[in-house]
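Q: A predicted structure for the sequence below; I have some questions about it.
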Amino acid sequence: MPYSTDTRTLQPGDVYVAIRGETHDGHRFVPQAIEKGAAGVIVEEPIPVPDGVERTVVESSIDHLVSLASARVRKLGCDVVAITGSVGKTTARTAIVSVLEQAFTVKGSEGNKNTPLGLSLTLLNADLTPETVLVLEMGARLKGDIRELCEAFPPTVGVVTTVLGVHLETFGSLDGIEREKSEIVRALTEAGTAVLNGDNERTRRMADVTDGQVLLFGTSDGCDVTPADVTATLPILGDHAIYTAMAATAVGRALGMDADAITRGLEAMEPEKGRLRRLDGIEGSTLIDDTYNASPEATISALDVLAGLGGERTTAILGDMLELGAGEVEAHVRVLRAALDRADRVIAVGDIMRRAVGALDAAKADRVETAESSRAVAGAIRAGGPFDFGPDDVVLVKGSQGARMERVSEALLAPDLDPADVLPRQTEQWKAIE
């Protein structure tokens, strides 16, 4: 029986789960869920329901769902490939799913549902069998998040893409981030395998804290999977693509796949929405949509991709990067300097970007155009304002999720493309957020 936390998408026969959030309380929508045909409700208070609707009262709706999903996965005995890292988790997940589909029935986590709630809903609503391999992206914003997920869904293979200064605001230091990410390999048994980026010092030394076997991927000495092991023509942009491919190759090996099957899987992968996706833009321009999220390192990598595409005029439209802690302005200054070295035109969007422009020397600051918000830039593009683009333009759009830079990409998208098909955050729920 499907589970739903949103009355807007709930279908007759679903079980409605009331979630208390920071700004909304799902218990308010129990009557609407019943009106739409919910067969049952999971609530944290004894709300009256009509006859024929099953009511389950629990202490925590989220914890209850996690318990149900965990019990299901354990009962079936599914292999779990768990993925974490400061950047590259979702692209790695996409590549690993594509590779493993050449040999197994696979269920991967979806979109940004990398939390206990999101993963539990995915696993409860999926058609799983004991033979299904689960590929689960595991996100972390607070200490203990990864451990909680691994306790619920014990990994067979643990993948760490890299450790960088992302979420410093909540973890406090790189040491804190490293410790948190390492939980995914600490959770492995001796029968498991840790797949680690051998070119990242903090990731590589996680080999010392796992009971599982270790496969290192990278270009450094001692790596088990190197670029020479990747023979596929990769359908994704960026220097990071080879690391994504090496990680997926290592996972394939860990689960007994041969090289030919791994290559087929890598060549079959589809680029994720919002992750260095090359799209047709307005007036014949080329759009590189990288709006799913952003960190300084990922943004500089995206700028390298932009510089390598060879457009007559290259433009970087960069939104605020969030959750960088006390050094956020300095990090934005570093990115703007990189952008000015790599792009012909730089448009900085948001308050932190504005402050970073103010911290540049006058000559560099004069070369940066600024805008208050993604909505303002999108409006100017649609109005035919100062942000003009044509056939000779290649445009990179990037920023953190909270900057909502997909609005800019939507305005830049060629009219024959449906934003819902190619861009992130195109649901009614996201569109309603200011």
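A: Sure thing, it's come through. Numbering: from 1, shown residues only.
Q: Provide the secondary structure category for the residue of the chain most remote from its centre.
A: Relative to the centre of the chain, and counting by CA atoms, centre = their mean, the farthest-placed residue is Asp51 at 41.7 Å. Three-state call for Asp51 (DSSP: H, G, I helix; E, B strand; the rest coil): coil.
Q: what does Ile352 give?
A: Of the three states, Ile352 takes helix according to three-state DSSP.
Q: isn't it right up against Gly325?
A: No: judged on CB atoms under 8 Å, Ile352 makes no contact with Gly325 at a distance of 11.7 Å. Quick note: C-beta positions are derived from backbone N, CA and C, even for glycine.
Q: do you know how far Ala378 is from Ile317?
A: Going from Ala378 to Ile317 by CB to CB, to the nearest Å gives 10 Å.
Q: any residues in contact with both of these two?
A: Val408 (CB atoms under 8 Å, 6 or more residues apart in numbering).
Q: which one's more surrounded, those two?
A: Set side by side, Ala378 and Ile317 show more neighbours around Ile317, with 28 against 21, by other CB atoms under 10 Å.
Q: what helix or strand is the more buried one on?
A: Using DSSP states H and E, Ile317 sits in strand 313-319.
Q: specify which residue of Ile352 and Gly325 has the higher count of neighbours.
A: Comparing Ile352 with Gly325 by neighbour count (other CB under 10 Å), the higher total belongs to Ile352, at 20 against 14.
Q: give me the mean pLDDT for stretch 160-177.
A: Here stretch 160-177 scores 85 as its mean pLDDT.
Q: my read is that Val157 contacts Gly256, right?
A: No: using CB under 8 Å, Val157 is not in contact with Gly256; the gap is 11.4 Å.
Q: mind checking how far the residue farthest from the centre of the chain is from Ala261?
A: 54 Å.
Q: and the residue positioned nearest the centre of the chain, what does it touch?
A: Nearest residue to the geometric centre of the chain (CA atoms, centre = their mean): Thr90, 4.4 Å. By CB under 8 Å, 6+ apart, the contact set of Thr90 is 112, 137, 272, 275, 292.
Q: the third one reaches Thr91, doesn't it?
A: Right, the one you point to is Glu272. Yes: contact criterion CB under 8 Å: Glu272 and Thr91 qualify, at 6.1 Å.
Q: these two - which one has more neighbours?
A: Between Glu272 and Thr91, counting by other CB under 10 Å, Thr91 is the more crowded of the two (26 against 17).
Q: so if I had to pick from Val157 and Gly256, which one is more boxed in?
A: Val157 (26 against 9).
Q: okay, and the beta partners of the more buried one?
A: Val157 has these beta-bridge partners by DSSP bridges: Val81, Thr193.
Q: now swap in Glu137 and tell me
A: Taking DSSP bridges as the rule, Glu137 bridges to Ile83.
Q: what's the burial count for it?
A: 27.
Q: state the distance from it to Glu131.
A: On the measure of CB to CB, Glu137 and Glu131 end up 21 Å apart.
Q: please list all residues in contact with Gly118.
A: 109-112.
Q: what segments of the stretch 201-350 of the chain are strands?
A: Along the stretch 201-350 of the chain, the stretches classed as strands by DSSP state E, counting those that start in this stretch are 213-217, 277-280, 286-290, 313-319, 345-349.
Q: thought Val43 was touching Val58?
A: Yes: assessed by CB under 8 Å, Val43 is found in contact with Val58 at 7.5 Å.
Q: if I look at His64, how far off is Leu324?
A: According to CB to CB, His64 and Leu324 sit 35 Å apart.
Q: so these two - more neighbours on which side?
A: When His64 and Leu324 are compared for neighbours, Leu324 comes out ahead with 21 against 18, by other CB under 10 Å.
Q: quick one: contacts for the closest residue to the more buried one other than its chain neighbours?
A: Closest residue in space to Leu324, ignoring its immediate chain neighbours: Ala331 at 5.0 Å, by CB to CB, 6 or more residues apart in numbering. With contact taken as CB under 8 Å, 6+ apart, Ala331 is in contact with 165, 296, 321, 324.
Q: how near is Ala331 to Arg355?
A: Plainly put, Ala331 is 11 Å away from Arg355 if you go by CB to CB.
Q: state the pLDDT value of the residue nearest to Leu324.
A: 96.
Q: can I assume Glu369 sits in a strand?
A: Yes: secondary structure of Glu369 (three-state DSSP): part of a strand.
Q: and the helix or strand harbouring Glu169, which residues are buried?
A: Using DSSP H and E, Glu169 maps to helix 168-171. Residues of helix 168-171 classed as buried: 168, 170-171 (neighbour count, 16 or more other CB atoms under 10 Å).
Q: can you name the element that comes right after that helix?
A: helix 174-186.
Q: in CSV, list the C-alpha atoms belonging to that next one.
A: Written as CSV, here are the backbone C-alpha positions of helix 174-186 (Å, rounded to 0.1, in the frame of the first residue of the first chain):
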residue,chain,number,x,y,z
LEU,A,174,36.8,19.5,7.6
ASP,A,175,37.6,17.0,10.4
GLY,A,176,33.9,17.0,11.3
ILE,A,177,32.8,16.4,7.7
GLU,A,178,35.4,13.6,7.3
ARG,A,179,34.2,11.9,10.5
GLU,A,180,30.5,12.1,9.4
LYS,A,181,31.2,10.8,5.9
SER,A,182,33.3,7.9,7.2
GLU,A,183,30.2,6.5,9.0
ILE,A,184,29.2,4.9,5.7
VAL,A,185,32.3,2.6,5.7
ARG,A,186,32.4,2.1,9.4
